[in-house]
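Engineer: here is a sequence together with a model predicted from it:
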Amino acid sequence: MNSVIYLDHAATTATRPEALEAMLPYFSEKYGNASSIYGIGTESKKAIDSARETVANALGAKPEEIYFTAGGSESDNWALKAAAEAYGAKGGHIITSKIEHHAILHTCEWLEKQGYAVTYLDVDEKGLVSPEAVRKAIRPDTILISIMFANNEIGTVQPVKEIGEIAKEKKILFHTDAVQAFAHLAINVDEYHIDMLSASGHKLGGPKGIGFLYIRKGVKIRSFIHGGAQERKRRAGTENVPGIVGLGKAVESAMAQREETERNVTALRDYLIDRVLQEIPFTRLNGDRRKRLPGNVNFSFQFVEGESLLIMLDMEGICASSGSACTTGSLDPSHVLMAIGLPHEIAHGSLRLTLGEENTKEEIDFVIEKLKGIVGRLREMSPLYEDFMRKK
């Protein structure tokens, strides 16, 4: 068994060896600028076109609908800001949810300062957005609906198809942040009526610093970065050829084994959930039991402080998280856990374990045993737990 057990795949993943191998020539031998007309430049252009086609095929999209970006946060910003600007004459109302990634929430807050109105939908105790709530929130001036495909903290998979159908019926743009879901779940942009979709390479075995935004043909959206004519004049800047090649190869590999990986990781996830709920009392599973990402597990341990839990797990060589990697270190409880109705004291005792295809049952058994001991020790030091047990 490895000396380090990595259970934070929602934060980032290791670059797949085949993706790294595919990237290497584009740092040295094939370093040409894709906008150039000579040989090594056209080689870069062909590599970009090939990766674009691979990504498009994974979504049931057209290659010309894929725009490479620096990652999920840029893609989210582009989708919301540029769509708001382009459709501002029609109206200024946007619908999203209270459990979106901060790349969406903070962009919406910025748009509010520019005069746009934003409705932040509530979710239920499992973290699900109600399609009917989306329908009721629509106004005559609604121009965009942005609901994530699956939540990065509690793993809940949203009813994207139903929401997409409502958006299509009402002729409103529909964007989904699929950073956690792309290449892990089956996604077809036509079947789900998605107009824009954000994704990031490092969540699926690709390199960091690369992602893409799918923009359906016909969607009127402005350029996000001005300058050159790259990405069909919508995103200027010399292309990150090694990153794009690595993303394309990672998508190819992930999609080739997606169904098998989903089955295996889901089985391991359910094994972890069942044992922890059975063997560690006063534990709650956050998110929907079945409608969740294959590798996502999120627990709240009553009478336990999450930061201490993470530190003690790290001392055992176990990498985990208390929520989004973007907010680690914050003293505030997770906005997602607050939105599903957890009180502060329970939200602070949360632990996110996100599994990948390389994790084994042996590792999960080791983690469970260590977790049982750590939670027990932390509760022994808790006056709240002592008081609770005395009253009980």
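Structural biologist: Ah, there it is.

Engineer: poorly predicted segments of the chain, please.
Structural biologist: Low-confidence regions of the chain, defined here as pLDDT under 70, cover residues 323-331.

Engineer: just say helix, strand or coil for the residue nearest to Arg232 when sequence neighbours are not counted.
Structural biologist: By the measure of C-beta to C-beta, 6 or more residues apart in numbering, the closest residue to Arg232 outside its immediate chain neighbours is Glu64, 7.0 Å from it. The C-beta positions use only the backbone N, C-alpha and C, and glycine is treated the same way. Taking DSSP: H, G, I helix; E, B strand; the rest coil as the rule, one finds Glu64 in the helix state.

Engineer: end-to-end on stretch 151-171?
Structural biologist: Separation of the first and last residues of stretch 151-171 by C-alpha to C-alpha, to the nearest Å is 25 Å.

Engineer: if you could redo that for stretch 204-215, that was the one I meant.
Structural biologist: One end of stretch 204-215 to the other measures 21 Å (C-alpha to C-alpha).

Engineer: surely the residue nearest to Arg232 touches Glu231?
Structural biologist: No. Checked against C-beta atoms under 8 Å, the pair Glu64 and Glu231 is beyond contact range at 10.3 Å.

Engineer: give me the more crowded residue out of the two.
Structural biologist: For Glu64 versus Glu231, neighbours defined as other C-beta atoms under 10 Å are more numerous around Glu231 (21 against 12).

Engineer: if I look at that one, how far off is Glu74?
Structural biologist: Using C-beta to C-beta, to the nearest Å, one obtains 12 Å as the distance from Glu231 to Glu74.

Engineer: Leu105 too?
Structural biologist: Taken as C-beta to C-beta, the spacing of Leu105 relative to Glu74 amounts to 16 Å.

Engineer: more neighbours: these two, which one.
Structural biologist: Here Leu105 and Glu74 are compared on neighbour count by other C-beta under 10 Å; more neighbours surround Glu74, at 21 against 18.

Engineer: tell me how far the residue nearest to that one when sequence neighbours are not counted lies from Lys249.
Structural biologist: Among residues not flanking Glu74 along the chain, Gly211 sits closest, at 6.8 Å (C-beta to C-beta, 6+ apart). Summarising the geometry, the distance separating Gly211 from Lys249, computed by C-beta to C-beta, is 15 Å.

Engineer: how about Cys368, secondary structure?
Structural biologist: Check again: residue 368 is Ile, not Cys. Criterion first, three-state DSSP; result for Ile368: helix.

Engineer: kindly apply the preceding question to Phe68 instead.
Structural biologist: Secondary structure state of Phe68, per three-state DSSP, is strand.

Engineer: is it in a bridge, and if so with what?
Structural biologist: On the basis of DSSP bridges, Phe68 is bridged to Phe212.

Engineer: how much space is there between it and Gly243?
Structural biologist: From Phe68 across to Gly243, the span is 8 Å (C-beta to C-beta).

Engineer: identify the contacts common to those two.
Structural biologist: Ile210 (C-beta atoms under 8 Å, 6 or more residues apart in numbering).

Engineer: how is this structure divided into domains?
Structural biologist: 5-12+258-391, 17-256 (automatic domain parsing).

Engineer: do me a favour and get the end-to-end distance for the longest one?
Structural biologist: Between the opening and closing residues of domain 17-256 we find a distance of 15 Å, counting by C-alpha to C-alpha.

Engineer: now do that domain: distance to the chain's middle.
Structural biologist: Relative to the mean C-alpha coordinate of its chain, domain 17-256 is positioned 11 Å out (C-alpha atoms, centre = their mean, to the nearest Å).

Engineer: same deal with the first one?
Structural biologist: Per C-alpha atoms, centre = their mean, the displacement of domain 5-12+258-391 from the mean C-alpha position of its chain is 18 Å.

Engineer: what's the span of it, first residue to last?
Structural biologist: Distance between the boundary residues of domain 5-12+258-391 (C-alpha to C-alpha) amounts to 38 Å.

Engineer: just to revisit the earlier point, most tightly surrounded among the domains of the chain?
Structural biologist: domain 17-256 (a mean of 20; mean count of other C-beta atoms under 10 Å).

Engineer: ranges for the helices of the stretch 201-350 of the chain?
Structural biologist: 230-233, 241-256, 258-279, 306-315, 335-339, 344-347 (DSSP state H, counting those that start in this stretch).

Engineer: Ala137 against Thr119, yeah?
Structural biologist: Yes. The pair Ala137 / Thr119 is scored as a contact, 4.7 Å apart, by C-beta under 8 Å.

Engineer: what sits in contact with each of these two?
Structural biologist: Common neighbours of Ala137 and Thr119 (criterion: C-beta under 8 Å, 6+ apart): Ile95.

Engineer: quick one: the strands in the stretch 151-300 of the chain?
Structural biologist: Shown for the stretch 151-300 of the chain, the strands assigned by DSSP state E, counting those that start in this stretch span residues 173-177, 196-200, 211-215, 283-285, 296-301.

Engineer: and the longest one with helix 258-279, angle?
Structural biologist: So that's strand 296-301. Our comparison of strand 296-301 with helix 258-279, counting by axes from the mean of the first three to the mean of the last three C-alpha atoms, to 10 degrees, yields an angle of 10 degrees.

Engineer: counting contacts, what elements does strand 296-301 pack onto?
Structural biologist: When contacts are defined as 3 or more C-beta pairs under 8 Å, 6 or more residues apart in numbering; DSSP states H and E, strand 296-301 packs onto helix 258-279, strand 283-285, strand 350-354.

Engineer: out of those, flag the one nearest Arg390.
Structural biologist: Nearest to Arg390 among the helices and strands packed on strand 296-301 is strand 283-285; the distance by C-beta to C-beta comes to 20.5 Å.

Engineer: so which of the strands of the stretch 151-300 of the chain gets nearest Leu268?
Structural biologist: The nearest among the strands of the stretch 151-300 of the chain, by C-beta to C-beta, is strand 296-301 at 9.6 Å.
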